[in-house]
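> Here's my sequence, what's the structure:
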Amino acid sequence: MKFSLTFLLFFQFIFFVNLRAQDLLKERIRKLSNNKTSIYIEKGIFHNGGVKQESILKSIRQSFNPKLGFERIVIDFNSTQIPKVYGHVNSLEKRVYIDFFDTTLAKDLVSITSTKFVEKVNLFPIESNYLSMEMKLKSKVNADIFFLENPGRLVIDFKN
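Coordinates of the predicted model:
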């Protein structure tokens, strides 16, 4: 009886997890460019190719260009290049998830609050050198993501 109850609970757990889990194998994987591409995506995985770079996240800032209709989010680092980045855009969930490897938070971090498209930014220091970020968006948007060097900056342009 105990075995069948355990099996039943295990089966329900697996079944419900699979219903809610994302199938990232079906997502397009894109390597980030070091300049603006003007290719806006609504979903997909992005990375910068595995650059080994220790960094400190200094600030997150934003600007809105009403003439061109996009909001720019800039994530500033203290290094000349951005650290290793792995992220996922999901406009249906209205979220952008980004993992920064070999990265810590500045003690005097300057961040954004609510903006035109971004409702909230959550930062999660997972380990001493690993940082995860979640951007909760106000609406379904498309994103153009690229990086700049000297100093290292990750740039996200949102438009709907």
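
> Work out for me the element the residue lying closest to Ile98 once chain neighbours are set aside sits within.
Once flanking residues are discounted, Ile98 sits nearest to Gly87: 3.9 Å by Cβ to Cβ, 6 or more residues apart in numbering. C-betas here are computed from N, CA, C, even on glycine. Per DSSP states H and E: Gly87 is located in strand 85-90.

> Given that strand, what are its sheet partners and their directions?
Its sheet considered, strand 85-90 pairs with strand 43-47 (antiparallel), strand 95-101 (antiparallel) by DSSP bridges.

> This protein: strands as residue ranges?
29-31, 43-47, 55-65, 70-77, 85-90, 95-101, 103-110, 118-127, 130-137, 142-148, 153-159 (DSSP state E).

> Which strands or helices does the fourth one pack on?
Based on contacts counted as 3 or more Cβ pairs under 8 Å, 6 or more residues apart in numbering; DSSP states H and E, the elements that strand 70-77 packs against are strand 55-65, strand 153-159.

> now the third one
Packed against strand 55-65 by the contact rule (3+ Cβ pairs under 8 Å, 6+ apart) you find strand 70-77, strand 103-110, strand 118-127.

> Show residues contacting the last one.
Contacts of strand 118-127 with the rest of the structure, by Cβ atoms under 8 Å, 6 or more residues apart in numbering, involve 57, 60, 62, 71, 73, 94, 104-105, 109, 111-114, 131-138, 158.

> hmm, back to that, ok, the residue nearest to Ile98 - contacts?
Counting by Cβ under 8 Å, 6+ apart, Gly87 has contacts Ile45, Phe46, His47, Val96, Tyr97, Ile98, Asp99, Ile145.
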